[in-house]
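Student: Sequence and computational prediction follow.
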Protein chains: 2
Amino acid sequence: MTGQSFTIGLLLFPRLTQLDMTGPFEVFNRLPGAEVHLIWKTLDPVHADSGLGLLPTTTMAGCPKLDVICVPGGPGVGALMEDEEVLSFLRKAASTAKYVTSVCTGSLVLGAAGLLEGRRATSHWMSRPFLKSFGAEPVDERVVTDGNVITGGGVTAGIDFGLAIAGAAFGRKVAEQIQLSIEYDPHPPFDAGSPRTADPALVEDTRTRGAARQKERQAIVDRAAARLGHG
Amino acid sequence: MTGQSFTIGLLLFPRLTQLDMTGPFEVFNRLPGAEVHLIWKTLDPVHADSGLGLLPTTTMAGCPKLDVICVPGGPGVGALMEDEEVLSFLRKAASTAKYVTSVCTGSLVLGAAGLLEGRRATSHWMSRPFLKSFGAEPVDERVVTDGNVITGGGVTAGIDFGLAIAGAAFGRKVAEQIQLSIEYDPHPPFDAGSPRTADPALVEDTRTRGAARQKERQAIVDRAAARLGHG
């Protein structure tokens, strides 16, 4: 695939979790022939849940045909799951893309667009069960590939996800070159990155603190799933 | 330290490597009482080496007193190492900060500011030897702590680095909460993230492709070190 351009579009939206996007962005940008677009409704700055201001590079109306469409996650996915303009754009982009992808709760938006029917997929650990409502099979893995649909787990999984796409599209050598250039040799100073390894009290506490948001998200998922004829 | 604000400033600059900054940013923003500033000379958008457009939140002139000053890396560090306005700002911020920190080649800028004299420190693996020119002791570790100076390795090391600072400033429990919320349970699909683990031919190839940039950087480091009375 070297020598040609490889066109990647990441969706930007208000209240995204910026690292869901910036992790794979750093990998994608280093691919041979990479042409990376950051897509939103307008070219005005978009602010992440953390306040970080990011500049879109194109609009949904102006976006070229993509080899990869990628939807990151964050609190803002609630609004996207009921935003027909966004869902229509994703369906159209997905219809010609080589890879239809997401990081973290971005998979819920793919689900609401009807793009995960019958697919194995993942999401942030706390939101993974919602995928069933969209006809998908939730899988407890960091990166899940089902045909041309590739989904990553929560936030930092986007780096593993990006390298997996690099390997799938360009082969192991290109992916390893990128991994070495970004010195991705992780050594977390603690071992609490998954509900499997974290202290159960911490997992329970995290669930409790997220309960109100997850309840609200459940209601949105239910409505979005009903529109697809599920539920 | 809970209940009080914890003020963190990350330097933005043209041609930074955005993931050097966005990785620790995601961790820092989740700290109790976090007030995170993105600092540059003006409030105009700053473009990363990858083109990503980011919005500063304050200027060097307007920046409040910081608990943490953090300099990310990227090709733009060459200009910073000879930018007296930036170096003076860093010296001033460091004089009152609890932690003086960097990710990737940001440590060369701390070095050029004279802030690494006699300190153990790290950098991106390819630029680590330059630290000697600034009177620092280069250490082949992902996160290096020497007193209140904490430096991280290349690009993705910023996440490990951010969690290490979270643990140092707020204790293990807070750091683990953040690690679980960003699902930092890395599983790189390949094992090429360090020159110790990557295929030696890949390491050599990466050095060869980076040789011109590193030669140019050496000349800048030499001039910056001479200004500090080294060399």
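Tutor: Arrived safely.
Student: List the buried residues for the lengthiest helix in chain A?
Tutor: The longest helix of chain A (DSSP state H) is helix A:200-227. Within helix A:200-227, the residues scored as buried using 16 or more other CB atoms under 10 Å in any protein chain shown are A:202-203, A:206, A:217, A:220-221, A:224-225. For glycine as for every other residue, the C-beta is placed from the backbone atoms N, C-alpha and C.
Student: Looking at it now, give me its mean pLDDT.
Tutor: Averaging pLDDT along helix A:200-227 gives 95.
Student: where does chain A have low pLDDT?
Tutor: Chain A contains residues with pLDDT under 70 at A:1-3, A:231.
Student: What is the neighbour count of the residue lying closest to residue A:42 once chain neighbours are set aside?
Tutor: Leaving aside its chain neighbours, residue A:42 sits nearest to residue A:59 (6.3 Å; criterion: CB to CB, 6 or more residues apart in numbering or on different chains). Residues near residue A:59, counting by other CB atoms under 10 Å in any protein chain shown, number 14.
Student: Residue A:213 versus residue A:59, what's the distance?
Tutor: Residue A:59 is 29 Å from residue A:213, where distance means CB to CB, to the nearest Å.
Student: can you narrow the buried residues of helix A:200-227 to ones near chain B?
Tutor: Filtering those for neighbours of chain B using CB under 8 Å from any CB of the partner chain leaves A:202-203, A:206.
Student: Give the other helices and strands that the longest helix of chain A contacts.
Tutor: helix A:77-80, helix A:106-112, helix B:172-181 (3 or more CB pairs under 8 Å, 6 or more residues apart in numbering or on different chains; DSSP states H and E).
Student: Looking at those, which is nearest to residue B:48?
Tutor: Ranking the helices and strands packed on helix A:200-227 by their distance to residue B:48 (criterion: CB to CB) puts helix A:106-112 first, at 21.5 Å.
Student: Name the next helix or strand downstream of that closest one, please.
Tutor: Going down the chain from helix A:106-112, the next helix or strand is strand A:120-121, by DSSP states H and E.
Student: if we look at that following strand, which residues are touching it?
Tutor: Outside strand A:120-121, the residues that touch it by CB atoms under 8 Å, 6 or more residues apart in numbering or on different chains are A:102, A:107, A:110-111, A:131, A:136-139, A:144, A:146, A:149, A:151.
Student: Now a ChimeraX select for only the buried ones of the residues you listed.
Tutor: Those of those that count as buried under 16+ other CB under 10 Å are selected in ChimeraX with:
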select /A:102,107,110,111,131,136,138,139,144,149,151
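Student: wait, which of the contacts of strand A:120-121 is closest to residue B:46?
Tutor: Using CB to CB, residue A:102 is the member of the contacts of strand A:120-121 that sits closest to residue B:46, with 27.7 Å.
Student: For that closest one, which non-adjacent residue is closest in space?
Tutor: Using CB to CB, 6+ apart and skipping the chain neighbours, the partner closest in space to residue A:102 is residue A:71 (4.5 Å).
Student: before we move on, back to that, tell me which residues touch the residue nearest to residue A:42, please.
Tutor: Residues near residue A:59 by CB under 8 Å, 6+ apart: A:39-43.
Student: ok, and the most crowded of those?
Tutor: For those, neighbours were counted using other CB under 10 Å, and residue A:39 has the most, 24 neighbours in all.
Student: ok, the residue located most distally from the centre of chain A to residue B:223 distance?
Tutor: Using CA atoms, centre = their mean, the residue of chain A lying farthest from its centre is residue A:201. It sits 27.9 Å away. Distance of residue A:201 to residue B:223, computed by CB to CB: 54 Å.
Student: Could you do residue A:228 as well?
Tutor: Here residue A:228 is placed at a distance of 62 Å from residue B:223 (CB to CB).
Student: can you check residue A:204 too?
Tutor: Residue A:204 sits 56 Å away from residue B:223, going by CB to CB.
Student: how deep is the nearest residue to residue A:172 once chain neighbours are set aside tucked in, by neighbour count?
Tutor: Leaving aside its sequence neighbours, residue A:172 sits nearest to residue B:190 (CB to CB, 6+ apart; 6.4 Å). Other residues near residue B:190 come to 21 when the count uses other CB under 10 Å.
Student: and residue B:190, what does it touch?
Tutor: Listed by CB under 8 Å, 6+ apart, the contact set of residue B:190 reads A:163, A:167, A:172, A:175-176, A:179.
Student: host element of it?
Tutor: Counting by DSSP H and E, residue B:190 is part of no helix or strand.
Student: Quick check, residue A:123 in contact with residue A:139.
Tutor: No. With contact defined as CB atoms under 8 Å, residue A:123 does not count as touching residue A:139 (9.6 Å).
Student: and for those two, which residues touch both?
Tutor: Shared contacts of residue A:123 and residue A:139 (CB under 8 Å, 6+ apart): none.
Student: Residues in contact with stretch A:96-103: which ones?
Tutor: The contact list for stretch A:96-103 (CB under 8 Å, 6+ apart) reads A:20-21, A:23-24, A:65-73, A:94, A:109-110, A:115, A:121, A:123, A:148-153, A:155, A:157-158, A:161, A:165, A:168-169.
Student: Buried ones among those?
Tutor: With burial judged by 16+ other CB under 10 Å, the buried subset of the contacts of stretch A:96-103 is A:20-21, A:23-24, A:66-73, A:94, A:109-110, A:115, A:121, A:123, A:149-153, A:155, A:157-158, A:161, A:165, A:168-169.
Student: Which of those fall in helices?
Tutor: A:20-21, A:23-24, A:94, A:109-110, A:157-158, A:161, A:165, A:168-169.
Student: mind giving me TSV with those residues and columns for distance to chain B?
Tutor: Output for these, formatted as TSV (distance: CB to the nearest CB, whole Å):
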residue	distance to chain B
A:20	9
A:21	9
A:23	7
A:24	10
A:94	23
A:109	18
A:110	18
A:157	6
A:158	10
A:161	9
A:165	10
A:168	10
A:169	13
